[in-house]
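Chemist: Structure for this input, please:
(one chain, ligands or ions: 1)
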Amino acid sequence: AATVPHAPLALSHEANPVRHTSLGSGLSGLVELVVERLLLADAVAAAKFGGTSPVADPERERALLGKVATLSARTGLPAETGVRFFRAQIEASKVVQRGLHARWRAHPELRPRERPDLASEVRPRLDRLTPRLLRQLKEAEPGRSGPGRCQARLTAARLAAQTRARLDKLHRDALRSALTPVCRVGAVDHRSGAVKGSGPVG
Ligand SMILES: C=C(O[C@@H]1C=C(C(=O)O)C=C[C@H]1O)C(=O)O
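Modeler: Next up, the predicted model:
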């Protein structure tokens with residue numbers, strides 16, 4: 001399917017026609033990846049349920065945030081931006097895990113039948129998402145500026161994504177909280193200007 005004979009007028013002939021929608025601002029792609037990461041929390045929760053690994057693993061979090069700081073700089077993002085964004089992803093993941101554990105304790109029939117291995121199966125999938133999320137965060141930079149417009153686009157992208165992924169309330173609430181740094185971060189970056197080499201915070 002290299003050519004589409006009767007395609008409508010090529011979009012590239014227009015002056016960025018989708019620029020002012022959530023689609024064109026890069027926010028949609030970001031939200032989709034955030035959902036993808038959030039859904040992996042189900043696998044993490046299954047890996048930990050009834051086992052000895054607690055939901056929170058501070059050591060793993062520290063290692064991840066260190067990696068995020070390095071990767072951010074390489075991606076052209078202030079390390080602080082990437083780290084703040086990932087803190088929200090981690091918190092959202094723990095909210096989902098705790099919610100699922102409570103649900104599974106109360107409703108044994110809903111418990112997962114299989115327990116994936118955290119270290120060899122689930123964490124590698126999370127790790128593959130990390131650089132992709134940071135690239136997408138960087139790509140969404142234009143969409144993240146202008147807090148009001150950013151919020152409007154972000155909400156539109158979030159609602160579309162949660163419908164598409166059929167998220168339940170637990171995951172919808174976690175998604176909203178995972179996205180809270182997106183617009184605020186844009187505002188901070190905007191004010192501080194070129195802070196590319198800035199080190200990690202926290
Ligand atoms: C996802 C996990 O659970 C928690 C959430 C983390 C994350 O979102 O990256 C990291 C460590 C844990 O505190 C995990 O243990 O891998």
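
Chemist: Now do the contacts for the spatially most central residue of the chain.
Modeler: The chain has V34 as the residue nearest its centroid, 2.4 Å off, counting by Cα atoms, centre = their mean. Contact analysis of V34 by Cβ atoms under 8 Å, 6 or more residues apart in numbering lists 89, 133, 161, 175, 178-179. Yep, even glycine has a C-beta here, placed from its N, CA and C like the rest.

Chemist: where does the protein have low pLDDT?
Modeler: Along the chain, the model assigns pLDDT under 70 to residues 1-24, 184-202.

Chemist: residues in the protein within reach of the ligand, list them.
Modeler: By Cβ under 6 Å from any ligand atom, the residues of the chain that approach the ligand are 44, 56-57, 60-61, 64, 89-90, 93-94, 123, 126.

Chemist: again, only this time at 8 Å
Modeler: For the chain, the residues in contact with the ligand (Cβ under 8 Å from any ligand atom) are 37, 40-41, 44, 48, 53, 55-58, 60-61, 64, 86, 89-94, 97, 118, 122-123, 126.

Chemist: What subset of those residues is buried?
Modeler: Neighbour counting by 16 or more other Cβ atoms under 10 Å classes 37, 40-41, 44, 48, 55, 57, 61, 64, 86, 89-94, 97, 118, 122-123, 126 among the residues of the chain next to the ligand as buried.

Chemist: what's P54 in contact with, if anything?
Modeler: By Cβ under 8 Å, 6+ apart, P54 lies in contact with K48.

Chemist: Helix, strand or coil: sort out it for me.
Modeler: Following DSSP: H, G, I helix; E, B strand; the rest coil, the label given to P54 is coil.

Chemist: P116 too?
Modeler: Under three-state DSSP, P116 comes out as coil.

Chemist: isn't it right next to A46, touching?
Modeler: Yes - assessed by Cβ atoms under 8 Å, P116 is found in contact with A46 at 6.0 Å.

Chemist: re earlier: restricted to helices, list the buried ones among the residues of the chain next to the ligand.
Modeler: Using DSSP state H, 37, 40-41, 44, 48, 61, 64, 86, 89-94, 97, 123, 126 are the members of those that sit in helices.

Chemist: which residue ranges form the helices in this protein?
Modeler: 27-48, 58-75, 79-106, 123-139, 141-144, 147-164, 169-178, 180-192.

Chemist: Out of these, flag the one nearest P112.
Modeler: Smallest distance to P112 across the helices of the chain (Cβ to Cβ): 4.0 Å, for helix 27-48.

Chemist: Any buried residues in that closest one, and which?
Modeler: For helix 27-48, by 16+ other Cβ under 10 Å, it's 27-31, 33-38, 40-48.

Chemist: what's the angle from it to helix 123-139?
Modeler: Helix 27-48 runs at 160 degrees relative to helix 123-139, counting by axes from the mean of the first three to the mean of the last three Cα atoms, to 10 degrees.
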